[in-house]
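I would like to see how this sequence folds:
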Amino acid sequence: KSQIILVSPQTQIVQGAITVQGTGYRNNETVQIDFGTHYTITTTKVLGNGTFSVTFLVSTQPYDPPIYKTITATGLGSKEVAIDTTTFTIKPNIFCIDPTQGSPGKIVTVWGTGYEETENIHILFGTDTDAQFNASTNINGTFSTTFTVTAQENGTTVITAQGVDSGVKATTTFIIIAGISEILPGRGPVGTVVTLAGGGYADNLAVQIDFGTHQTITTIITKENGTFSGTFIVSTQIQGTTVVTVMNIDGSGAKATALFEILSQIILITPKIDFVNEVITVEGTGYGISGELIQIDFGTHETITTTIIDNQNGTFSATFIISSQPYCTKAITVTGELSDQHEGSLASDHNLYHTAVFYLDARITIFTPTSGNVGTLVSIEGTGFGTVGTLIQIDFGTHISITTTQTSLHGTFSLTFIISTQEAGNTV
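You can find the predicted model right below:
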């Protein structure tokens, strides 16, 4: 009589190999192997002594009661049938996670097989008791789900997937690595307060924050779950993308990096209100390295002056004389020859910082002579008045509108008038 004499191993995961051997069949006949719900999972030839041995991969099937999978070996010629119903069980398995490592906040996808059909699956992640997630299998006992890596210490941790009804469970490992989860804002000029947060470090550990060329701009102590949060102020460095690094103070162990964009900025204009031909001082940070040409535009006067950066920290200081322009608010724009090549949204953000305002006021620059008799011819000139064609009215003492004129393109005017009959003394 035919019989199955070996099933090895007696438990296996889906897509794992098992070997089945039998005896009592007709020589050289074909034996069909049925496995669980999989009809004809494979076939093989009987040897001359009526035995067979065949190896196949466990197909995707649920872990359904009874827990043993039925294995049937049927001789297609002799019609001999051997059945094993008490030997082999499918073992649950987490067969894939993607990615296999990541920092807190990373989304992970998990796939598993070998559970009961339409069974709820309870997933545990690491040592965090709050990191519990649920999934549900399909009719083949497989599932897939995603979860977010929670705040835990760095290193290898365990993912466990357990069937709520069957009680069977499978495990796999995931590596928690250090990561920076937040850097706000992601760009800004020197002096910007930056908030930094992350996780995946050892708990209660002192970590140092390196910012560009500024080593250890600040230090932070991690929390019990390996997370950290803190702030630092952008130090004086050249414009461009720089690296923020968070690592152990001794440089060993977990380490993570992020990027920050240093933008150029005008930090000083003095004075902020003045007249034509007066001197203005402008200072800025976040420009290029030594040798970069800095161009300064003032109102309608493009390139009113230039200067060359003479240091490695991207700062400059320059002065210029106010040119003749109509009064009102003037834009002072500072552009680095190399550091200010921006496009798109970054250019928009950058323009917030490398343009500042100055108020150009009007004044009388010449009034001669300053004394005289009635009938004396007086010359008067002024700068910083309205745009071209603006009407200028001259009032002299009690004489309203003794004369009028219009401004030039640059907001200047020049005219003469004769002193009218008025009482002796100072007049306006």
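
which SS class is Gly372?
Applying DSSP: H, G, I helix; E, B strand; the rest coil to Gly372 yields a three-state assignment of coil.

What are the phi and psi values at it?
Reported as degrees, to the nearest 10, the phi and psi values for Gly372 are phi 170, psi 170.

now Gly386
Dihedral pair for Gly386: phi -70, psi 180, per degrees, to the nearest 10.

isn't it right up against Tyr327?
Yes - using C-beta atoms under 8 Å, Gly386 is in contact with Tyr327, at 6.8 Å. Using the backbone N, CA and C atoms, a C-beta is placed for each residue, glycine as well.

what is in contact with these two at once?
Gly411 (C-beta atoms under 8 Å, 6 or more residues apart in numbering).

any chance you could map the strands in the stretch 301-428 of the chain?
Using DSSP state E, counting those that start in this stretch, the strands of the stretch 301-428 of the chain run over 301-308, 316-321, 328-336, 355-360, 363-368, 377-383, 391-396, 399-406, 413-418.

returning to that earlier point: and Gly386 and Tyr327? which has more neighbours close in?
Tyr327 (21 against 16; other C-beta atoms under 10 Å).

Give me the mean pLDDT for stretch 142-162.
On average, the pLDDT along stretch 142-162 is 92.

go on, stretch 176-194?
In this model, stretch 176-194 has an average pLDDT of 93.

Ends of that stretch, what's the gap?
Terminal residues of stretch 176-194 lie 25 Å apart, using C-alpha to C-alpha, to the nearest Å.

for stretch 338-357, same thing?
Between the opening and closing residues of stretch 338-357 lies a distance of 23 Å (C-alpha to C-alpha).

mean confidence for that stretch?
In this model, stretch 338-357 carries a mean pLDDT of 54.

Also stretch 263-279?
Mean predicted confidence for stretch 263-279 is 89.

Buried by neighbour count: which residues of that stretch qualify?
Using 16 or more other C-beta atoms under 10 Å as the test for burial, stretch 263-279 gives 263-267, 274-276.

what's the answer for stretch 16-28, then?
Buried positions in stretch 16-28, judged by neighbour count with 16+ other C-beta under 10 Å: 18, 20-26.

from the chain's centre, how far out does stretch 362-373 sit?
Once both centres are worked out by C-alpha atoms, centre = their mean, to the nearest Å, stretch 362-373 turns out to sit 63 Å from its chain's centre.

How about it, which residues are buried there?
Within stretch 362-373, the residues scored as buried using 16+ other C-beta under 10 Å are 362, 365.

what do you get for stretch 416-428?
So stretch 416-428, judged by 16+ other C-beta under 10 Å, has buried residues 417, 419.

Ok, stretch 158-176 next?
For stretch 158-176, burial by neighbour count (16+ other C-beta under 10 Å) applies to 159, 161-163, 166, 168-170, 172, 174, 176.

quick check, distance from that stretch to the centre of its chain.
On the basis of C-alpha atoms, centre = their mean, stretch 158-176 sits 32 Å off its chain's mean C-alpha point.

same check, this time on stretch 272-286
37 Å.

let's number from 520 now, not from 1
Okay, using 520 as the starting number, the last item reads as stretch 791-805.

Kindly check the end-to-end length of that stretch for me.
Start and end residues of stretch 791-805 are separated by 21 Å (C-alpha to C-alpha).

do stretch 689-704 as well
Stretch 689-704 has its terminal residues 42 Å apart, counting by C-alpha to C-alpha.

go on, stretch 812-832?
Using C-alpha to C-alpha, one end of stretch 812-832 lies 14 Å from the other.

Determine how far that stretch lies from the middle of the whole chain.
Chain-centre distance of stretch 812-832: 33 Å, with C-alpha atoms, centre = their mean.

got the buried residues for that stretch?
Buried residues in stretch 812-832 (16+ other C-beta under 10 Å): 813-818, 820, 823-824, 826, 828, 832.

Check the gap between Ile815 and Leu787 for me.
Separation of Ile815 from Leu787 (C-beta to C-beta, to the nearest Å) stands at 13 Å.

residues shared between the contacts of the two?
By C-beta under 8 Å, 6+ apart, the residues touching both Ile815 and Leu787 are Val801.

out of the buried residues of stretch 812-832, who's nearest Glu942?
The nearest member of the buried residues of stretch 812-832 to Glu942, counting by C-beta to C-beta, is Gly818 at 42.1 Å.

roughly how far apart are the closest one and Phe877?
Separation of Gly818 from Phe877 (C-beta to C-beta): 8 Å.

follow-up on the earlier one: export the buried residues of stretch 535-547 to TSV and append columns for distance to Leu703 and pLDDT.
Shown next, in TSV, are those (distance: C-beta to C-beta, whole Å; pLDDT from 0 to 100):
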residue	distance to Leu703	pLDDT
Ile537	55	96
Val539	61	97
Gln540	65	97
Gly541	68	96
Thr542	72	96
Gly543	75	95
Tyr544	73	96
Arg545	77	94
